[in-house]
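# Here's a sequence, model it:
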Amino acid sequence: MMARKLLIRDVTLRDGQQSLFATRMKQAQIERVLPIYKDAGFYALEVWGGAVPDSIMRFLNEDPWERLEIIKKEIGNISHLTALSRGRNLFGYNPYPEEVIEGFNRNAVRSGISIMRIFDALNDTSNIKSTVKYVKENGGLADCVVCYTVDPKFTRKERFLAKLKGKPLPKAIFTNEYFVNMAKELERMGADMITLKDMAGLIPPRRVGQIISAFKKNVKIPIDFHTHCTPGFGLASALSAIIHGVDILDTAILNFAGGPAAPAFELIQIFCTKLGIDTGVNLDAIVRINKILKDIRVEMADIDSYKIYPIEFDITKDQLPAHIDNIFDDAIKFARADDEVGLLDACGKIENYFNFPVPDEKVKFAEVPGGMYTNMLSQLKQLKQEDLLPRVLEVIPTVRLAAGCPPLVTPTSQIVGAQAVNCVIDEKNGKPFYTNNSNQFVNLVKGSYGKTPIPVDPDFREKIAGVREEIPFNTAVYETQPNPSFPKYGENVKLASTEKEELLLELFPIVANKFLNDRVDRIYGMRLKETELKKQLAFEAELKKYMSLSPEEKHERLIEGLYQWN
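Reported below is the predicted structural model:
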């Protein structure tokens with residue numbers, strides 16, 4: 001009997017470093033681990049998309065396309081290279097015209113991406129559709145995302161008051177059926193695989209088991225599970241996904257795992273070994289990569305928000321203490337028995353032994369993504385009103401419901417969070433909610449970002465956006481970014497000289513403008529200096545030659561020069 005296989009998508013070089021170190025790995029640091037990744041044999045490596053293109057231009061002055069192409073050249077076809085994009089929104093808030101979406105996906109696939117993970121912050125499948133088409137047309141695989149999110153939490157009093165007003169609050173929106181129906185729609189749309197993506201780490205193990213089992217019964221394509229460890233569910237939920245038949249699992253290597261990042265591959269491998277599951281990963285390579293990652297993490301200490309390093313652990317030879325090894329066995333037993341309390345307790349003890357950050361109880365209680373929580377706190381601190389945070393957390397469900405109950409996923413989580421802060425500030429100043437509204441919140445309510453999971457009340461839409469009917473974003477009014485010329489360097493020198501550079505300009509206008517300006521000045525400014533230097537050297541050589549002539553010869557040269565001038 002053949003062992004069951006579990007494919008591993010390593011997210012260390014994109015999601016791992018983005019979660020822990022604000023996406024600041026330099027190209028040189030990436031290149032130190034690439035030759036070993038070539039030996040590791042992961043099913044896939046997530047290396048691009050997300051915050052990578054913006055961050056490396058903004059902070060490292062590096063070219064995103066070059067990064068991708070260098071990684072592809074080193075890895076070849078040994079592992080799939082994967083990227084993350086927001087469908088029609090790509091990397092921004094507003095939808096882009098079809099030609100931008102097509103150009104980006106065509107170039108991404110041709111530069112090395114073989115799996116494009118596509119999500120939409122509203123779980124609106126129509127925002128994913130065209131990306132699926134363009135990725136597949138260019139030979140890539142479409143990994144379509146079902147974004148996991150939780151229902152708004154309302155108190156009994158809030159529900160009672162709403163019922164009295166004749167507008168009862170919905171009891172359940174994001175049911176297992178909701179997620180299954182979306183997965184089936186994505187499969188019909190042409191998805192090659194489905195990812196249940198829990199970007200906030202909010203999905204508990206029992207719910208994972210239910211949804212993965214339902215996916216396996218209702219769709220025929222492979223199922224991937226992606227989560228984070230922020231509130232303490234990550235490792236337990238990953239084990240539950242394995243027990244319930246997930247095909248692919250996202251992990252990060254030990255030194256780039258845990259906390260706000262993904263579960264550690266090494267811990268998943270221990271579970272898989274005990275379960276007789278083959279991951280196909282070369283463990284010797286993992287040990288070598290992990291050692292280099294520790295060095296890189298130390299190098300990035302100034303932007304490491306945790307500075308809590310996992311223990312030194314060589315999965316090829318280090319023996320776990322008997323009591324810890326037994327806890328791994330207990331966790332498997334609890335996962336199989338659907339004992340969520342026991343499973344979470346066991347996985348918590350395992351992560352504590354490996355010295356991962358403790359769960360963030362604030363995020364767990366608030367049921368909001370960690371990034372959303374810290375952004376709201378930062379917004380309040382700037383106003384010197386951080387004491388209002390508990391009230392903001394109370395208001396989030398109301399704001400979210402009014403806006404059509406968008407999933408708490410970037411960027412909608414940030415839009416809802418910022419608006420909740422605005423509402424509480426309004427309240428403190430004696431004004432009604434929604435006196436001050438961000439442009440993004442107005443556009444969300446208007447319908448610019450797509451269809452929300454439940455309809456927005458027309459009266460509320462009219463109050464916020466001035467219209468009663470949903471109005472989709474009109475890409476016909478989209479204006480391409482200017483691409484100026486540099487006459488001082490030559491009549492054909494432009495800010496963006498290739499389609500890839502033009503795409504950077506469209507997708508990241510402010511950051512790419514500075515990046516490309518610097519590049520033009522560096523390349524053509526150097527060429528101009530070289531040209532001027534050559535002219536100066538030629539002049540000096542001619543002058544030296546002239547000075548060595550006799551007075552008669554100098555006079556003749558002068559006469560010749562005058563005649564030539566005339």
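
# measure Ala322 to Phe328 for me?
As for Ala322, its distance to Phe328 is 11 Å (criterion: C-beta to C-beta, to the nearest Å). Just so you know, the C-beta spots here come from the backbone N, C-alpha and C atoms, and that holds for glycine as well.

# meant to ask about Glu552
Between Glu552 and Phe328 the distance is 99 Å, computed by C-beta to C-beta.

# Comparing those two, which residue is more hemmed in?
Neighbours were counted for Glu552 and for Phe328 using other C-beta atoms under 10 Å; Phe328 has more, 20 against 8.

# next one: phi and psi at that one?
Main-chain torsions, Phe328, degrees, to the nearest 10: phi -60, psi -40.

# isn't it right next to Ile268, touching?
No. Using C-beta atoms under 8 Å, Phe328 makes no contact with Ile268, being 10.9 Å away.

# pLDDT of the one helix or strand Arg206 maps to, averaged?
Here Arg206, judged by DSSP states H and E, is contained in helix 205-218. The average pLDDT within helix 205-218 is 98.

# Contacts for it, please.
The contact list for helix 205-218 (C-beta atoms under 8 Å, 6 or more residues apart in numbering) reads 148, 176, 179-180, 183-184, 194, 196, 203, 223, 225, 227, 233, 236-237, 239-241, 243-246, 335, 338, 340, 343-344.

# Check what pLDDT Val287 gets.
Note for Val287: predicted pLDDT of 98.

# show me the contacts for it.
Taking C-beta under 8 Å, 6+ apart, we find Val287 in contact with Asp314, Ile315, Thr316.

# Leaving out the residues flanking it, which one is nearest to Ile268?
Among residues not flanking Ile268 along the chain, Thr251 sits closest, at 5.3 Å (C-beta to C-beta, 6 or more residues apart in numbering).

# Would you mind listing the residues in contact with that neighbour?
Contacts for Thr251 (C-beta under 8 Å, 6+ apart) come out as Ile8, Arg9, Asp10, Val11, Ala238, Ala257, Ala262, Pro263, Ala264, Phe265, Ile268.

# one more time with 6 Å, if that's ok
Contacts for Thr251 (C-beta atoms under 6 Å, 6 or more residues apart in numbering) come out as Ile8, Ala262, Pro263, Phe265, Ile268.

# Same question for Asp151.
Taking C-beta under 6 Å, 6+ apart, we find Asp151 in contact with Ile173, Phe174.

# Dihedrals phi and psi, it?
Here is the backbone geometry of Asp151 (degrees, to the nearest 10): phi -70, psi 150.

# Now do the same for it: its pLDDT.
pLDDT at Asp151 comes out at 90.

# what does Pro170 give?
With respect to pLDDT, Pro170 scores 77.

# In which helix or strand does it reside?
Assigned by DSSP H and E, Pro170 falls within no helix or strand.

# What distance do you get for it to Arg400?
Taking C-beta to C-beta, one finds Pro170 at 11 Å from Arg400.

# And the two? Which one has more around it.
More crowded of Pro170 and Arg400, by other C-beta under 10 Å: Arg400, with 25 against 14.

# and the gap between that one and Phe441?
Counting by C-beta to C-beta, the gap from Arg400 to Phe441 is 11 Å.

# before we move on, what about Pro231?
Using C-beta to C-beta, Pro231 is found at 26 Å from Phe441.

# ok, now Phe233?
29 Å.

# what about those two, which has more around it?
Phe233 (28 against 24).

# pretty sure that one contacts Ala200?
No. Counting by C-beta atoms under 6 Å, Phe233 stays clear of Ala200, with 9.8 Å between them.

# tell me the contacts of Ile248?
Here Ile248 is in contact with Leu7, Arg9, Pro222, Asp224 (C-beta under 6 Å, 6+ apart).

# Pull the most distant pair out of the residues you listed.
Distance extremes for the contacts of Ile248: the farthest pair is Arg9 and Pro222 at 10.9 Å, using C-beta to C-beta.

# List phi and psi for the nearest residue to Ala241 once chain neighbours are set aside.
Distances taken as C-beta to C-beta, 6+ apart put Phe225 closest to Ala241, at 4.1 Å, once the chain neighbours are dropped. Backbone torsions for Phe225, taken as degrees, to the nearest 10, come to phi -130, psi 130.

# got it, and Ala162?
Per degrees, to the nearest 10, the backbone of Ala162 is at phi -60, psi -40.

# Kindly tell me how buried it is, as a neighbour count.
Counted with other C-beta under 10 Å, Ala162 comes out at 16.

# before we move on, what about the one 5 residues further on?
Burial of Lys167 is recorded as 9 neighbouring residues (other C-beta under 10 Å).

# Please tell me how far it sits from Asp318.
59 Å.

# go on, Ser130?
From Ser130 to Asp318 the distance is 49 Å (C-beta to C-beta).

# okay, these two: which has more neighbours?
Legend: neighbour count by other C-beta under 10 Å for Ser130 and Asp318, higher for Ser130 (18 against 11).

# which SSE is that one in?
Short version, using DSSP H and E: Ser130 is in helix 129-137.

# counting contacts, what elements does that helix pack onto?
Helix 129-137 sits against helix 98-111, strand 141-147, with contacts defined as 3 or more C-beta pairs under 6 Å, 6 or more residues apart in numbering; DSSP states H and E.

# Quick one: closest of those to Pro509.
Comparing those against Pro509 with C-beta to C-beta, the closest turns out to be helix 98-111 (12.0 Å).

# That closest one - contacts with which helices or strands?
Packing contacts for helix 98-111, counted by 3+ C-beta pairs under 6 Å, 6+ apart, involve helix 64-75, helix 129-137, helix 499-507.

# among those, which is nearest Asn429?
Closest of the helices and strands packed on helix 98-111 to Asn429 is helix 499-507, at 37.7 Å (criterion: C-beta to C-beta).

# can you map out the helices along the stretch 151-300 of the chain?
Listed in chain order, the helices of the stretch 151-300 of the chain (DSSP state H, counting those that start in this stretch) span 156-164, 176-189, 205-218, 234-243, 265-275, 283-299.

# for those helices, which one sits closest to Asn77?
Among those, helix 283-299 comes nearest to Asn77, with 17.0 Å by C-beta to C-beta.

# Which positions in that closest one come out as buried?
Within helix 283-299, the residues that qualify as buried are Leu283, Ala285, Ile286, Val287, Arg288, Ile289, Asn290, Leu293, Lys294, Ile296, Arg297, counting by 16 or more other C-beta atoms under 10 Å.

# Over to stretch 426-440?
For stretch 426-440, a neighbour-count test (16+ other C-beta under 10 Å) marks Asp426, Phe433, Tyr434, Asn437, Gln440 as buried.

# Just give me the closest of those to Ser55.
Nearest member of the buried residues of stretch 426-440 to Ser55, counting by C-beta to C-beta, is Gln440, at 20.8 Å.

# which residues are contacting the strand or helix carrying that closest one?
If you go by DSSP H and E, Gln440 is part of helix 439-446. With contact meaning C-beta under 6 Å, 6+ apart, helix 439-446 is reached by Ala403, Ile415, Gln419, Val456, Arg461, Ile464, Ala465, Ile471.

# ok so, going back, can you put the helices and strands packed on helix 129-137 in CSV and add distance to Gly190 and mean neighbour count?
Below are those laid out as CSV (distance: least, C-beta to C-beta, whole Å; neighbours: other C-beta atoms under 10 Å):
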stretch, distance to Gly190, mean neighbour count
helix 98-111, 13, 19
strand 141-147, 6, 26
